[in-house]
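Colleague: I'd like to go over a predicted model; first the sequence, then the structure.
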Amino acid sequence: MDPTRTGPVALAEARLRWLDARQRVLAQNVANADTPGYRPSDVRPFAESLAAAQPAGALRRTDPRHLASGEGDARVQRERRLPETTMDGNGVALDREALRIADTETAHALAIGLHRRYLGLFRTALGRNS
(Lines give C-alpha, C1' and ligand atoms only; values in the text may rest on other atoms or scores of the structure.)
Protein backbone atom coordinates (compact mmCIF):
# COMPACT_ATOMS: atom_id res chain seq x y z
CA MET A 1 0.00 0.00 0.00
CA ASP A 2 1.36 3.39 -0.98
CA PRO A 3 0.62 5.80 1.91
CA THR A 4 1.04 8.81 -0.37
CA ARG A 5 -2.01 7.79 -2.43
CA THR A 6 -4.43 7.76 0.50
CA GLY A 7 -5.37 10.05 3.33
CA PRO A 8 -4.01 13.56 3.74
CA VAL A 9 -1.48 13.41 0.91
CA ALA A 10 -4.04 12.37 -1.69
CA LEU A 11 -6.50 14.95 -0.36
CA ALA A 12 -3.87 17.71 -0.56
CA GLU A 13 -3.02 16.68 -4.13
CA ALA A 14 -6.71 16.71 -5.12
CA ARG A 15 -7.06 20.16 -3.57
CA LEU A 16 -3.98 21.40 -5.46
CA ARG A 17 -5.40 20.14 -8.77
CA TRP A 18 -8.70 21.90 -8.03
CA LEU A 19 -6.89 25.13 -7.08
CA ASP A 20 -4.88 24.97 -10.31
CA ALA A 21 -8.07 24.62 -12.35
CA ARG A 22 -9.68 27.52 -10.47
CA GLN A 23 -6.65 29.76 -10.98
CA ARG A 24 -6.80 29.11 -14.75
CA VAL A 25 -10.52 30.00 -14.87
CA LEU A 26 -10.01 33.18 -12.83
CA ALA A 27 -7.10 34.23 -15.05
CA GLN A 28 -9.36 33.74 -18.07
CA ASN A 29 -11.97 35.99 -16.43
CA VAL A 30 -9.40 38.75 -15.91
CA ALA A 31 -8.10 38.35 -19.47
CA ASN A 32 -11.64 38.88 -20.79
CA ALA A 33 -12.45 41.89 -18.61
CA ASP A 34 -12.90 44.05 -21.71
CA THR A 35 -14.70 41.50 -23.90
CA PRO A 36 -18.28 42.63 -24.63
CA GLY A 37 -20.90 40.24 -23.30
CA TYR A 38 -18.38 38.04 -21.45
CA ARG A 39 -19.75 36.37 -18.34
CA PRO A 40 -17.22 35.32 -15.68
CA SER A 41 -16.87 31.67 -14.71
CA ASP A 42 -15.74 29.76 -11.66
CA VAL A 43 -15.29 26.09 -10.83
CA ARG A 44 -17.68 24.23 -8.60
CA PRO A 45 -16.74 24.32 -4.91
CA PHE A 46 -14.08 21.80 -3.86
CA ALA A 47 -16.43 20.06 -1.43
CA GLU A 48 -18.84 19.30 -4.27
CA SER A 49 -16.14 17.98 -6.57
CA LEU A 50 -14.70 15.88 -3.75
CA ALA A 51 -18.11 14.39 -2.97
CA ALA A 52 -18.65 13.57 -6.65
CA ALA A 53 -15.27 11.82 -6.83
CA GLN A 54 -16.10 9.43 -3.99
CA PRO A 55 -16.97 5.91 -5.13
CA ALA A 56 -20.61 4.93 -4.94
CA GLY A 57 -21.45 3.66 -1.50
CA ALA A 58 -18.31 5.09 0.11
CA LEU A 59 -20.32 7.23 2.50
CA ARG A 60 -23.81 6.30 3.53
CA ARG A 61 -26.38 8.45 5.17
CA THR A 62 -27.54 6.29 8.05
CA ASP A 63 -29.40 9.01 9.95
CA PRO A 64 -31.60 11.80 8.58
CA ARG A 65 -29.52 14.30 10.59
CA HIS A 66 -26.38 13.44 8.61
CA LEU A 67 -25.36 15.77 5.82
CA ALA A 68 -26.33 14.54 2.38
CA SER A 69 -23.56 14.19 -0.17
CA GLY A 70 -23.62 16.76 -2.94
CA GLU A 71 -23.94 16.08 -6.62
CA GLY A 72 -21.47 17.84 -8.90
CA ASP A 73 -17.96 17.92 -10.25
CA ALA A 74 -15.09 20.34 -10.77
CA ARG A 75 -16.32 21.57 -14.15
CA VAL A 76 -16.50 25.24 -14.95
CA GLN A 77 -19.81 26.94 -14.37
CA ARG A 78 -21.03 30.35 -15.41
CA GLU A 79 -22.09 32.68 -12.66
CA ARG A 80 -25.84 32.73 -12.38
CA ARG A 81 -26.30 36.20 -11.03
CA LEU A 82 -24.04 39.07 -11.85
CA PRO A 83 -24.07 41.90 -9.33
CA GLU A 84 -22.85 44.38 -11.90
CA THR A 85 -22.34 44.56 -15.63
CA THR A 86 -20.90 47.20 -17.89
CA MET A 87 -22.80 48.86 -20.71
CA ASP A 88 -21.49 46.24 -23.16
CA GLY A 89 -22.79 43.36 -21.00
CA ASN A 90 -19.44 42.31 -19.53
CA GLY A 91 -19.86 40.90 -16.03
CA VAL A 92 -16.23 40.76 -14.91
CA ALA A 93 -15.53 42.84 -11.80
CA LEU A 94 -11.78 43.03 -11.38
CA ASP A 95 -11.97 43.63 -7.63
CA ARG A 96 -14.08 40.48 -7.15
CA GLU A 97 -11.73 38.45 -9.34
CA ALA A 98 -8.70 39.79 -7.45
CA LEU A 99 -10.23 38.63 -4.15
CA ARG A 100 -10.92 35.18 -5.59
CA ILE A 101 -7.37 34.94 -6.92
CA ALA A 102 -5.97 35.95 -3.52
CA ASP A 103 -8.16 33.36 -1.76
CA THR A 104 -7.02 30.71 -4.21
CA GLU A 105 -3.37 31.62 -3.67
CA THR A 106 -3.78 31.42 0.12
CA ALA A 107 -5.49 28.04 -0.13
CA HIS A 108 -2.71 26.84 -2.46
CA ALA A 109 -0.02 27.85 0.06
CA LEU A 110 -1.88 25.99 2.81
CA ALA A 111 -2.35 22.83 0.75
CA ILE A 112 1.27 22.74 -0.41
CA GLY A 113 2.47 23.32 3.16
CA LEU A 114 0.36 20.44 4.46
CA HIS A 115 1.55 18.21 1.65
CA ARG A 116 5.22 18.96 2.38
CA ARG A 117 4.84 18.48 6.13
CA TYR A 118 3.03 15.19 5.78
CA LEU A 119 5.68 13.86 3.40
CA GLY A 120 8.29 15.11 5.89
CA LEU A 121 6.70 12.86 8.51
CA PHE A 122 7.24 9.90 6.19
CA ARG A 123 10.88 10.87 5.64
CA THR A 124 11.39 11.15 9.39
CA ALA A 125 9.76 7.78 9.99
CA LEU A 126 12.02 6.23 7.37
CA GLY A 127 15.11 7.91 8.83
CA ARG A 128 15.71 10.12 5.79
CA ASN A 129 15.85 13.58 7.34
CA SER A 130 18.19 15.06 4.78
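Modeller: Nice, thanks for sending it over.
Colleague: helices or strands up against the lengthiest helix in the chain?
Modeller: If you go by DSSP state H, the chain has its longest helix at helix 94-126. Applying 3 or more Cβ pairs under 8 Å, 6 or more residues apart in numbering; DSSP states H and E, one finds that helix 94-126 contacts helix 7-31. Where you see a C-beta, it was placed from the backbone N, CA and C, and this is true even at glycine.
Colleague: list the helices and strands the helix it packs on packs on?
Modeller: Using 3+ Cβ pairs under 8 Å, 6+ apart: helix 7-31 touches strand 41-43, helix 46-53, helix 94-126.
Colleague: most tightly surrounded among the ones you listed?
Modeller: strand 41-43 (a mean of 18; mean count of other Cβ atoms under 10 Å).
Colleague: mind checking the SS state of residue 37?
Modeller: coil (DSSP: H, G, I helix; E, B strand; the rest coil).
Colleague: which secondary element of this protein has the worst mean pLDDT?
Modeller: Ranked by mean pLDDT, DSSP states H and E, the weakest helix or strand in the chain is strand 76-78, scoring a mean of 64.
Colleague: okay, now residue 85: neighbour count?
Modeller: Other residues near residue 85 number 14, with proximity taken as other Cβ atoms under 10 Å.
Colleague: in contact with it, which residues?
Modeller: By Cβ atoms under 8 Å, 6 or more residues apart in numbering, the contact set of residue 85 is residue 91.
Colleague: flag the shaky bits of this structure, pLDDT-wise.
Modeller: 1-6, 54-63, 65-83, 130 (pLDDT under 70).
Colleague: isn't residue 46 up against residue 15?
Modeller: Yes. Contact criterion Cβ atoms under 8 Å: residue 46 and residue 15 qualify, at 6.3 Å.
Colleague: so how far is residue 109 from residue 15?
Modeller: Distance, residue 15 to residue 109, using Cβ to Cβ, to the nearest Å: 12 Å.
Colleague: over to residue 34?
Modeller: 30 Å.
Colleague: what of residue 86?
Modeller: 33 Å.
Colleague: what of residue 124?
Modeller: 22 Å.
Colleague: do the same with residue 18
Modeller: Residue 18 is 15 Å from residue 109, by Cβ to Cβ.
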